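A.B. asks: Need coordinates for the following:
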Amino acid sequence: MKFTHLLASMACATVFAGAVQAAPHKEAIEGDHRTPAYAARDQYRHPAETLEFFQVKPDMTVVEIWPGGGWYSEILAPMLKENGTFYAAHFPADTEVGYFKSSRKSFEKMLAEEQDVYGAVKLTEFAPGGDSEIAPAGVADAVLTFRNVHNWMGGKNEQAAFKTFYKALKPGGVLGVVEHRAKPGTSRADMRNSGYVTQDYVIELAKNAGFVLEESSEVNANPKDTADHPKGVWTLPPSLRLGDEDKDKYLAIGESDRMTLRFRKPKA
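C.D. replies: Residues are numbered from 1 along each chain as shown. The predicted structure is shown next:
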């Protein structure tokens, strides 16, 4: 009887520990601080499942690459605030690109005005192909990039980007990549213009930088997306570049079909 009670107690403790471990994801995702329009995209971006797949935990040092308006930062910052470290590697402070300037300015304003959520965020910068430091070398447990690889292809800096990620990670650290997925065999030029990148190409970039592909997930897949739209990936929500033209059609498709890949920096 005592042994049975012991097993039951151990089982309860295991369940409770699991619930505690999962709570930071849940609390951050469901927090009142989140922008309602961002939270509405959870149905397409599956943040809880994605972060679990990337094995992100609240006591880790995490770097988010080009957080933009802060969609994932709204989740990562409060999750990591107490026991972890969060580096937001945004657009360069001295950028001449108008969109980059306004985006970084808005992000800085968010950090300054909501200290209770973002007070511990370490704001760094990332310039693909440049010498910017996203975090001190070898300190990160995870580097995460969401829908960014296509942005680095115009200047042919995508390979350099992956080398920067490798440098920032600890041996054994995780690189998590979510990217719009092109059909196999799509040319580099078409990838650059459409915003969709082939999964094989992303894997090639990571492997060339020294990473090992550990696992892929279909958590952010969308079989409705044909990846051949007039304005590329920006035809779909949330961009809807065609305005009201065929709007209902593209809303019915939803956001893009996406690969979700977990790479590992070898320990040796």
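A.B. asks: is it true that residue 215 touches residue 264?
C.D. replies: No. If you go by Cβ atoms under 8 Å, residue 215 and residue 264 don't touch, sitting 9.2 Å apart. Quick note: C-beta positions are derived from backbone N, CA and C, even for glycine.
A.B. asks: These two: which is more packed in?
C.D. replies: Using other Cβ atoms under 10 Å, the more surrounded residue of residue 215 and residue 264 is residue 264, with 18 against 11.
A.B. asks: For that one, which residues count as its bridge partners?
C.D. replies: residue 174, residue 212 (DSSP bridges).
A.B. asks: show me the residues around it that make contact.
C.D. replies: 172-175, 211-212, 214 (Cβ atoms under 8 Å, 6 or more residues apart in numbering).
A.B. asks: could you redo the last one with a cut-off of 7 Å?
C.D. replies: Residue 264 sits next to 172, 174, 211-212, 214 when contact means Cβ atoms under 7 Å, 6 or more residues apart in numbering.
A.B. asks: what does residue 258 give?
C.D. replies: Contacts here follow Cβ under 7 Å, 6+ apart; on that basis residue 258 touches 178-181, 220-221.
A.B. asks: In PyMOL, how would I select just the buried ones from the residues you listed?
C.D. replies: Here is the PyMOL selection string for the buried members of those, based on 16 or more other Cβ atoms under 10 Å:
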select buried, resi 178+179+180+181+220
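A.B. asks: Inside strands: which ones of the contacts of residue 258?
C.D. replies: Secondary structure defined by DSSP state E assigns 178-180 of these to strands.
A.B. asks: can you redo the contacts of residue 258 as a markdown table with pLDDT?
C.D. replies: Putting those into a markdown table (pLDDT from 0 to 100) gives the following:
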| residue | pLDDT |
| --- | --- |
| 178 | 98 |
| 179 | 98 |
| 180 | 98 |
| 181 | 98 |
| 220 | 98 |
| 221 | 98 |
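A.B. asks: helix, strand or coil for residue 215?
C.D. replies: Using DSSP: H, G, I helix; E, B strand; the rest coil, the structure places residue 215 in strand.
A.B. asks: Same question for residue 63.
C.D. replies: Residue 63 falls in the strand class when you classify it by three-state DSSP.
A.B. asks: repeat for residue 242
C.D. replies: Using three-state DSSP, the structure places residue 242 in coil.
A.B. asks: can you tell me which residues contact it?
C.D. replies: Shown in contact with residue 242 (Cβ under 7 Å, 6+ apart): 230-231, 235.
A.B. asks: cutoff 10 Å now
C.D. replies: Shown in contact with residue 242 (Cβ atoms under 10 Å, 6 or more residues apart in numbering): 229-231, 234-236, 249-250.
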